[in-house]
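>>> Need the 3D shape of this:
(one chain, ligands or ions: 1)
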Amino acid sequence: MSRVQHYRKTLVTIGAVIAAGLGAAALALSTAGANAEEPSGGGDFDAQIIGGDPAAEGQFPWIVALADASDPSFNYCGGQLVEQDVVLTAAHCTEGSDPADVVIRHGGTDITRTEVYEVAEIVVADGYDGATMANDWALVKLAEPIAGAATVPLADADTKDWGTLTVAGWGTTETGSGSQDLLHVDVPYVTDDECAGAYGGEFDAASMICAGDLEHGGVDSCQGDSGGPLVSADGVLVGVVSWGHGCAEAGKPGVYANVGLLHGDITAALAAL
Ligand code: 4AZ
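Numbers count the residues shown, from 1 in each chain. Predicted coordinates:
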């Protein structure tokens with residue numbers, strides 16, 4: 001899926017985005033969509049960490065949000081601590097941002113009660129391609145470590161048959177606005193063959209993994225959840241929220257950066273930070 005196609009849905013949802021207060025980054029993406037010449041093909045927008053429930057305190061202790069440094073109440077993406085001073089997020093969440101533009105919010109499920117942390121450095125994946133969304137991951141180094149914070153372990157192989165996965169975030173819900181409280185929802189693993197069937201060549205099996213209820217839809221990540229976690233039942237980070245055709249549509253699963261496949265690249269970038 002081209003970046004323009006990816007953001008077409010964003011154009012459809014600009015009103016919802018404004019309502020959600022997802023902030024400058026989301027609006028900038030909407031502008032990109034507005035310039036697209038291709039017709040809108042996104043289908044109905046049906047928002048939710050769709051189908052989700054509120055997370056318990058401590059359920060995702062390493063989850064963070066990316067927010068606008070000039071207005072930290074605008075959280076526009078998710079992420080996760082992989083070290084006490086390093087956040088793994090989506091590359092498309094950091095594109096065009098200087099470290100001074102971004103702050104990290106961490107420390108609870110109610111976004112308004114989280115702490116704000118300054119960013120020292122942003123490293124985007126070498127192979128990131130904003131046109132295809134291949135290798136959609138980036139590392140955000142904090143100015144100071146968060147003492148005592150939990151970190152999430154990274155999947156170190158592409159196990160494939162993950163069973164039921166869980167995705168979490170403060171992004172758009174079924175009511176069309178972002179959520180003050182962290183939400184989570186279970187999403188079945190979707191095989192590479194099924195995902196290629198859903199998205200054709202837009203699915204890059206070398207860097208992506210898919211999850212969702214193919215038959216029924218209704219459960220998914222959505223706008224504002226990007227960069228956040230897809231975890232296995234045993235608490236390993238399997239994916240990073242990346243893109244999809246709409247949210248929670250039957251036949252159109254959520255697409256994630258495939259952490260197991262990208263593990264070598266991510267750990268090499270961590271070692272070089
Ligand atoms: C987004 O725009 C986005 N349904 C995130 C996740 C999905 C679609 C779009 C997956 O940030």
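>>> With residue 76 as the reference, measure out to whichever residue of the stretch 51-200 of the chain sits closest to the ligand.
The stretch 51-200 of the chain approaches the ligand most closely through residue 171 (6.8 Å), counting by CB to the nearest ligand atom. (C-beta placed from N, C-alpha, C; glycine too.) From residue 171 across to residue 76, the span is 9 Å (CB to CB, to the nearest Å).
>>> out of the two, which sits in the more crowded spot?
Counted by other CB atoms under 10 Å, residue 171 and residue 76 do not tie: residue 171 has more neighbours, with 34 against 28.
>>> which SS state does that one fall under?
The three-state assignment at residue 171 reads coil, by DSSP: H, G, I helix; E, B strand; the rest coil.
>>> For it, which non-adjacent residue is spatially closest?
residue 224 (2.9 Å; CB to CB, 6 or more residues apart in numbering).
>>> Pretty sure that neighbour sits against residue 66.
No. Using CB atoms under 8 Å, residue 224 is not in contact with residue 66; the gap is 10.0 Å.
>>> Could you tell me which residues touch both of the two?
Overlap of the contact sets of residue 224 and residue 66 (by CB atoms under 8 Å, 6 or more residues apart in numbering) consists of 75, 76, 77, 78.
>>> Please enumerate the strands of the protein.
Counting by DSSP state E, one finds strands in the chain at the ranges 53-54, 63-68, 71-83, 86-89, 102-106, 115-124, 138-142, 164-169, 183-190, 208-211, 229-231, 237-243, 254-258.
>>> Can I get these in CSV including mean pLDDT and distance to residue 158?
As requested, the strands of the chain are arranged in CSV below (pLDDT from 0 to 100; distance: least, CB to CB, whole Å):
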stretch, mean pLDDT, distance to residue 158
strand 53-54, 96, 28
strand 63-68, 98, 23
strand 71-83, 97, 18
strand 86-89, 98, 17
strand 102-106, 98, 28
strand 115-124, 98, 22
strand 138-142, 98, 20
strand 164-169, 98, 13
strand 183-190, 98, 11
strand 208-211, 98, 7
strand 229-231, 98, 13
strand 237-243, 98, 9
strand 254-258, 98, 6
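>>> Could you list the residues of this structure in contact with the ligand?
Neighbours of the ligand within the chain, by CB under 6 Å from any ligand atom: 220, 221, 222, 223, 225, 226, 241, 243, 244, 247, 254.
>>> which phi and psi does the closest residue to the fourth one other than its chain neighbours have?
Excluding its sequence neighbours, the residue lying closest to residue 223 (CB to CB, 6+ apart) is residue 172, at 4.6 Å. Residue 172 adopts backbone torsions of phi -60, psi 140, taken as degrees, to the nearest 10.
>>> What number of residues are in the vicinity of the residue of the stretch 151-273 of the chain found nearest the ligand?
Nearest residue of the stretch 151-273 of the chain to the ligand: residue 244, at 2.8 Å (CB to the nearest ligand atom). Residues contacting residue 244 under the criterion other CB under 10 Å number 26.
>>> my guess is it contacts residue 254, does it?
Yes. Counting by CB under 8 Å, residue 244 touches residue 254, with 4.6 Å between them.
>>> Report the set of residues contacting both of these two.
By the contact definition CB under 8 Å, 6+ apart, residue 244 and residue 254 are jointly contacted by 212, 220, 221.
>>> out of these, which one sits closest to residue 50?
Nearest to residue 50 among the shared contacts of residue 244 and residue 254: residue 220, at 4.6 Å, using CB to CB.
>>> For the spatially closest residue to the closest one that is not a sequence neighbour, the count of nearby residues, please.
Counting by CB to CB, 6+ apart, residue 248 is the residue found nearest to residue 220 once chain neighbours are left out, at 3.8 Å. For residue 248, the count of nearby residues is 27 (other CB under 10 Å).
>>> Show me which positions of the longest helix along the chain end up buried.
The residue-count maximum for a helix in the chain (DSSP state H) belongs to helix 259-272. For helix 259-272, the neighbour count (16 or more other CB atoms under 10 Å) marks 259, 260, 261, 262, 263, 266, 269, 270 as buried.
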